[in-house]
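Student: here is my input, please return the structure:
(one chain, ligands or ions: 1)
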Amino acid sequence: MSETLHPRPLRLGVNIDHVATIRNARGGDHPDPVRAAEIVARVGGDGITAHLREDRRHIRDEDLARIQQATDLPLNLEMAATREMLAIALRHKPHAACIVPEKREERTTEGGLDAAGLHNSLVHIVDELRGAGIRVSLFIEADERQLDAALRLGAPVVEFHTGEYAHAFLDGDREKVTRELKRIADMAALAAKNGIEPHAGHGLTFENVQPIAAIPQIAELNIGHYLIGEAVFTGLEPAIRRMRELMDEAR
Ligand code: PXP
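Tutor: Numbers count the residues shown, from 1 in each chain. You can find the predicted model right below:
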């Protein structure tokens, strides 16, 4: 049994995609993302996040059920807004589904979903997911127009894309870091005021996580690439523990 089901002020969802990236580099079954999910549960992570991409470059279809069987942590399935992914989500019934934009050629999810421009195609997908009891999240830029679109779509959760913030942090562009933080904090407050639960993720590291974790309305961070990278050097358990400590310190 995991020690993780107590509600916490700020949850940590660990994205285990890149364990599967390493596995797939050799085409076998090692390292197994399911083993990573078990470690996340043991160490006190609050959820498992996995992105089933159209090209199956990391997580594969069969991983989803294996992850769900291996732990009792909530699964947050990141998915493109396609009929194929909708059918998979309805079959697996994850705790949450985070709708992300997906371009075949991108290295990672570059930029948020255009929830405003895609309203008509998203409305059915959001409704069907919600009808199946799946908590829908939209991965959007911290932007009032996108937040308004999420509200009109009836999404209970938005996840703000922190990529611009993370890039600015890496570049040492202090002005942009401050601007990005303000944009995310303002939109988190506006989301909460409108009854939407704000989450955040993308490019978060030990160095840049705290200012985001300090935004009081943000209920969950989803963090992947950096944690799996750190795990190469320290192991996954210490990497998650350190991230958890930094998040708790910031609150
Ligand atoms: N949240 C969403 C919606 C994502 O698409 C990703 C990347 O897959 C993450 C969080 C995690 O980003 P990172 O791997 O940069 O921590």
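Student: from the ligand, how far off is residue 225?
Tutor: 3 Å (Cβ to the nearest ligand atom, to the nearest Å). For glycine as for every other residue, the C-beta is placed from the backbone atoms N, C-alpha and C.
Student: residues in contact with that residue?
Tutor: Applying Cβ atoms under 8 Å, 6 or more residues apart in numbering, we find residue 225 in contact with 15, 18, 108, 203.
Student: out of these, who's the most crowded?
Tutor: Most neighbours among the contacts of residue 225, by other Cβ atoms under 10 Å: residue 15, with 26 neighbours.
Student: that one contacts residue 223, doesn't it?
Tutor: Yes. Between residue 15 and residue 223 there is a contact under Cβ atoms under 8 Å: 6.4 Å.
Student: who touches both of the two?
Tutor: The contact sets of residue 15 and residue 223 overlap at residue 201 (Cβ under 8 Å, 6+ apart).
Student: can you narrow the contacts of residue 225 down to the ones near the ligand?
Tutor: Among these, the residues lying close to the ligand (Cβ under 6 Å from any ligand atom) are 15, 108, 203.
Student: list the contacts for the first one?
Tutor: Applying Cβ under 8 Å, 6+ apart to residue 15 gives the contacts 49-51, 78, 201, 222-225, 227.
Student: so which of those comes closest to residue 144?
Tutor: Nearest to residue 144 among those is residue 201, at 19.8 Å by Cβ to Cβ.
Student: phi, psi of that closest one?
Tutor: Backbone torsions for residue 201, taken as degrees, to the nearest 10, come to phi 180, psi 160.
Student: I'd like to know how far it sits from the ligand.
Tutor: 3 Å.
Student: doesn't residue 158 make contact with that residue?
Tutor: No. Contact criterion Cβ under 8 Å: residue 201 and residue 158 do not qualify, at 11.2 Å.
Student: of these two, which one has the most company?
Tutor: Neighbour totals were compared for residue 201 and residue 158, and residue 158 leads with 32 against 26 (other Cβ under 10 Å).
Student: near the ligand, anything from the strand or helix carrying that one?
Tutor: Element membership of residue 158, judged by DSSP states H and E, is strand 157-161. Yes. Part of strand 157-161 sits near the ligand under the criterion Cβ under 6 Å from any ligand atom, namely residue 159.
Student: near the ligand, which residues of the stretch 101-250 of the chain? Just list them.
Tutor: Close to the ligand, as judged by Cβ under 6 Å from any ligand atom, the stretch 101-250 of the chain has residues 108-109, 139, 159, 201-204, 222-226.
Student: give me the three-state assignment for the most centrally placed residue in the chain.
Tutor: Taking Cα atoms, centre = their mean, the centroid of the chain lies closest to residue 222, which sits 3.8 Å from it. With DSSP: H, G, I helix; E, B strand; the rest coil as the basis, the three-state label of residue 222 is strand.
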